[in-house]
Each structure stands twice: as C-alpha cells, then as structure tokens.
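Enquirer: Output the structure for:
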Amino acid sequence: MISNQVLQTTIDGLRSIARVDLCVVDVDGKMIATTSEEMSNCLGAAQDFSRSPADSQEVQGYQFFKIFDEAQLEYILVIGGSGEDVYMIGKMVAFQIQSLLVAYKERFDKDNFIKNLLLDNLLLVDIYSRAKKLHIPTDVSRVALIIESENSRDSNVLELMRGSFGSNNKDFITAVDENNVIVVKELVEADAGKEIERAARTIDDFLEKEGIAGVRIAYGTIVKEIKEVSRSYKEAKMALDVGKIFFDERNIIAYNELGIGRLIYQLPIPLCKMFIKEIFGGKSPDDFDEETLTTINKFFENSLNVSETSRQLFIHRNTLVYRLDKLQKSTGLDLRVFEDAITFKIALMVVKYMKYMETFEY
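Expert: Modelled structure (predicted):
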C-alpha cells in the first residue's frame with residue numbers, strides 16, 4: 001500500500017534522528033528500503049524471522065521487528081545494533097511505519113481504488129500493484145453500469161445499492177459525483193450479454209420497488225483487463241447521454257446499441273447546423289405539421305413499407321402516397337428511395353441532438 005519511495009523517505013528521516021541504520025524487508029525477503037547497503041547482509045535472517053512466532057528478535061547484532069497490516073504480516077524492520085536503546089528506537093520506527101500503513105490503507109482502500117480507476121487517475125503500474133494489494137483479480141471480465149434517477153442528488157440510491165448488492169465482494173458499487181451511482185460488475189456466465197441485461201433489470205426492479213423514480217441504467221462493453229474498466233465506464237456515460245436523446249422511451253441502454261446516434265453525438269453543433277441547412281434549406285422538421293411528422297415516423301417504423309404504414313395509419317394507400325409526394329416537393333427527398341430515407345432519418349436525429357444540446361446552453 002505504501003510506495004517504496006515513501007518508506008525510503010521515512011527511514012532516511014528517522015535515521016537522521018536516531019543515528020542508526022534501518023532496513024525494511026518484505027515477506028519474500030526483498031529489500032524495500034534501506035539507509036545502508038550493508039544491511040543486505042541480514043536479508044536471509046529477516047526471511048527466517050518472518051516465519052518465526054516472535055514479534056521481535058535480536059540476531060547477530062541486528063534487531064528484527066514485524067509490522068502487520070491488520071492481522072497480515074506486511075514488512076520486517078531491521079535495525080543495526082543491539083541494546084535497550086536500539087530496541088526502543090526499533091519499536092518507535094515500527095510504530096511509525098504501522099501508522100503509515102493505516103493511513104495509506106484508509107486512503108487507498110477498494111472504493112478509492114475503483115474511483116481512481118474509473119477516472120483514469122492511476123498509472124498502469126499502480127493499477128496492478130494496488131489491485132494485487134487489495135486482492136482484486138486483474139484478468140476477469142467486467143462491465144461498468146451507471147445508474148441515474150430522476151432526483152439523483154436527493155435520493156439514497158448509493159446506500160440502497162450497497163445495502164442490497166454490496167455483499168458480493170466481486171462487484172464494486174461507488175460514485176464519482178453526486179449524480180450517478182456506478183456498478184463495476186464481474187461477469188461469470190458464458191453468455192455475458194444476458195448476464196448484464198438481467199443484472200440491469202434486477203437493479204431497475206429493485207429501485208422501483210424502493211420508490212426511486214425515473215431510473216435510467218446504461219452500461220458499456222465488456223472488458224477483460226482491469227486497466228480497461230475506465231473505458232467501459234466512459235462508454236456507459238456516453239450511452240446514458242445518447243440514450244436520453246434518441247432512446248428516451250427506454251430506461252436501460254447499452255453502448256453497443258447506440259448505432260448511428262453515437263456518431264451524431266460526437267458532431268460539433270456548427271457542423272450539424274450546416275447539414276440541416278443543406279437538407280431543409282431554411283426550414284426545420286419542427287415546422288412540419290403533426291400529420292406529416294406522424295406519417296414520417298410511422299413510415300420509418302415499418303421499414304419504408306407503404307402498405308403496412310397506410311394500414312397502421314388507417315388511411316388509403318393513395319393518401320399515403322400523396323403525403324409522401326407532398327413531402328418530396330417541399331424537401332427534395334423521396335422517402336420511398338432508400339438513400340433519401342437515410343438522409344432524412346439522419347437529419348431528424350441531428351435535429352433531436354441539437355435540441356438536446358440547447359438545454360445545456362441556458
């Protein structure tokens with residue numbers, strides 16, 4: 001938990017006060033920090049001492065002390081010299097390092113590790129070293145889910161989730177801001193896609209029963225390395241935003257279901273305005289009357305099938321053809337032609353995206 005540099009700085013400072021050489025060895029007998037290279041002579045004895053039942057011991061002119069992280073042996077402190085004064089100095093140094101362990105454990109516990117992992121605040125070497133220290137597997141399949149509720153800031157979603165789903169030590173439930181709760185879920189089933197969908201449904205049903213309104217859940221793609229968890233989280237964030245724009249009727253959305261909406265979401269607004277102007281001139285789809293908009297949407301829902309669309313709209317086929325002809329005259333686009341239909345569909349989505357982004361400008 002403590003970096004080697006911190007340990008080295010600590011014992012250097014203590015040596016300048018106590019005037020005795022110090023060495024910190026891990027349980028494998030590897031030297032972590034030392035004030036004198038001559039202390040390497042005691043590595044074998046330190047490893048032997050780590051297997052003994054004693055908490056402190058004097059061997060061949062060196063004092064050995066065990067330093068525990070809770071009940072687990074973490075380091076062996078070796079101090080050069082013998083006598084009561086040296087023993088007292090050793091106890092004080094061991095206590096100082098023990099205090100550092102407690103402080104760093106509090107700082108870098110699993111929750112903080114996951115938060116920093118999600119936010120890309122960790123170097124690659126730190127990700128794996130801390131994961132090992134916290135006994136978190138690094139090569140299992142995981143996915144990040146984001147949970148948002150209608151009144152995120154006023155709800156107790158995080159507490160509810162931890163209370164009901166937090167007992168599973170394979171999954172992590174945390175929050176990096178006051179708006180969303182994040183679940184980093186470990187996947188164990190062969191059909192991971194169904195496992196994620198089932199987990200999302202379970203969370204949604206649970207929060208609904210708890211009276212949490214307007215729950216939306218988004219999740220990223222599956223990653224197989226712990227270093228990739230932040231990517232899944234970023235994908236889930238995008239899925240949440242894009243889902244609000246183009247899939248507002250759905251409360252669970254996956255990143256790989258966003259389709260072309262994912263591309264439109266990344267377009268700059270000036271480019272969107274230029275595109276709409278080229279397609280509709282000075283007009284906007286908002287200028288179309290309700291009848292025209294209903295006809296367009298139903299035509300797309302039925303995959304450009306004239307007969308099925310007219311049946312569902314309860315109008316004659318010729319009436320639908322007349323409406324499509326009228327739309328073609330005003331826009332220059334014939335929705336019965338696939339290429340024109342695609343252009344029109346994209347234009348409608350771009351307008352929807354622009355309207356959504358306008359809400360953040362005020």
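
Enquirer: quick one: average pLDDT of stretch 126-135?
Expert: Mean pLDDT, stretch 126-135: 88.

Enquirer: roughly how far is that stretch from the heart of the chain?
Expert: 17 Å (CA atoms, centre = their mean, to the nearest Å).

Enquirer: what does it contact?
Expert: Stretch 126-135 is contacted by residues 1, 108, 109, 110, 113, 117, 122, 137, 138, 226, 227 when judged by CB atoms under 8 Å, 6 or more residues apart in numbering. C-betas here are computed from N, CA, C, even on glycine.

Enquirer: So which of the residues you listed sit within helices?
Expert: Secondary structure defined by DSSP state H assigns 110, 113, 117 of those to helices.

Enquirer: Show me what counts as buried in stretch 73-88.
Expert: Residues of stretch 73-88 classed as buried: 74, 75, 76, 77, 78, 79, 80, 81, 86, 87 (neighbour count, 16 or more other CB atoms under 10 Å).

Enquirer: and it, how far apart are its ends?
Expert: Using CA to CA, to the nearest Å, the end-to-end distance of stretch 73-88 comes to 21 Å.

Enquirer: Please enumerate the strands of this structure.
Expert: Assigned by DSSP state E, the chain shows strands spanning 22-26, 31-34, 56-59, 62-69, 72-80, 142-148, 172-174, 180-186, 216-219, 252-254.

Enquirer: Out of those strands, which is closest to residue 197?
Expert: Closest to residue 197 of the strands of the chain is strand 252-254 (CB to CB; 7.5 Å).

Enquirer: Neighbouring strands of that closest one in the sheet, and parallel or not?
Expert: Under the criterion DSSP bridges, strand 252-254 sits next to strand 216-219 (parallel) in its sheet.

Enquirer: I would like the residues contacting the strand it pairs with, please.
Expert: For strand 216-219, contacts defined as CB under 8 Å, 6+ apart pick out 143-149, 196, 200, 203-204, 232, 235-237, 239-240, 243-244, 251-255.

Enquirer: tell me the contacts of residue 136?
Expert: 110, 113, 226.

Enquirer: Show me which of these is closest to residue 354.
Expert: residue 226 (38.0 Å).

Enquirer: dump the residue contacts of that closest one.
Expert: By CB under 8 Å, 6+ apart, residue 226 lies in contact with 117, 127, 128, 131, 136, 137, 138, 139, 142.

Enquirer: give me the number of residues near the third one?
Expert: Applying other CB atoms under 10 Å, we find 16 residues neighbouring residue 128.

Enquirer: now the last one
Expert: Residue 142 is flanked by 22 other residues according to other CB under 10 Å.

Enquirer: And for the fourth one?
Expert: For residue 131, the neighbour count with other CB under 10 Å is 19.

Enquirer: try the second one
Expert: The burial metric for residue 127, expressed as a neighbour count using other CB under 10 Å, is 21.

Enquirer: just residue 185 next, same as before
Expert: Residue 185 has 25 nearby residues by other CB under 10 Å.

Enquirer: Could you measure from it over to residue 119?
Expert: As judged by CB to CB, to the nearest Å, residue 185 and residue 119 stand 18 Å apart.

Enquirer: The nearest residue to residue 66 once chain neighbours are set aside and residue 48, how far apart?
Expert: What sits nearest to residue 66 in space, not counting adjacent residues and going by CB to CB, 6 or more residues apart in numbering, is residue 55, at 5.1 Å. Distance of residue 55 to residue 48, given as CB to CB: 15 Å.

Enquirer: cool, residue 252 as well?
Expert: Distance from residue 252 to residue 48, by CB to CB: 58 Å.

Enquirer: Counting neighbours, which bits of stretch 147-165 end up buried?
Expert: Across stretch 147-165, burial judged by 16+ other CB under 10 Å covers 147, 148, 149, 152, 155, 157, 158, 160, 161, 162, 165.

Enquirer: List the contacts of the closest residue to the last one other than its chain neighbours.
Expert: Pointing back at residue 165 there. Leaving aside its sequence neighbours, residue 165 sits nearest to residue 173 (CB to CB, 6+ apart; 6.2 Å). By CB under 8 Å, 6+ apart, the contact list for residue 173 reads 158, 161, 162, 165, 166, 181, 182, 183.

Enquirer: Check residue 86 too.
Expert: 20, 63, 79, 80.

Enquirer: out of those, who's nearest residue 265?
Expert: Using CB to CB, residue 79 is the member of the contacts of residue 86 that lies nearest residue 265, at 60.8 Å.

Enquirer: Show me what that closest one is bridged to.
Expert: Assessed by DSSP bridges, residue 79 has beta-bridge partners residue 22, residue 63.

Enquirer: where exactly do the helices run in this structure?
Expert: Going by DSSP H, the chain shows helices at 4-18, 43-50, 84-107, 110-118, 124-133, 157-165, 192-209, 229-246, 260-265, 269-280, 290-301, 306-313, 317-331, 338-358.

Enquirer: Flag every buried residue along the fifth one.
Expert: In terms of neighbour count (16+ other CB under 10 Å), helix 124-133 has its buried residues at 127, 128, 130, 131, 133.

Enquirer: In TSV, list these along with distance to residue 6.
Expert: Listed next are the buried residues of helix 124-133 as TSV, based on distance: CB to CB, whole Å:
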residue	distance to residue 6
127	18
128	18
130	14
131	19
133	14
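
Enquirer: Show me which of those is closest to residue 310.
Expert: Nearest to residue 310, judged by CB to CB, of those is residue 127 at 58.3 Å.

Enquirer: From residue 206, how far out is that closest one?
Expert: Residue 127 sits 31 Å away from residue 206, going by CB to CB.

Enquirer: Likewise for residue 213?
Expert: Counting by CB to CB, the gap from residue 213 to residue 206 is 14 Å.

Enquirer: of these two, who's got more company?
Expert: Neighbours were counted for residue 213 and for residue 206 using other CB under 10 Å; residue 206 has more, 15 against 10.
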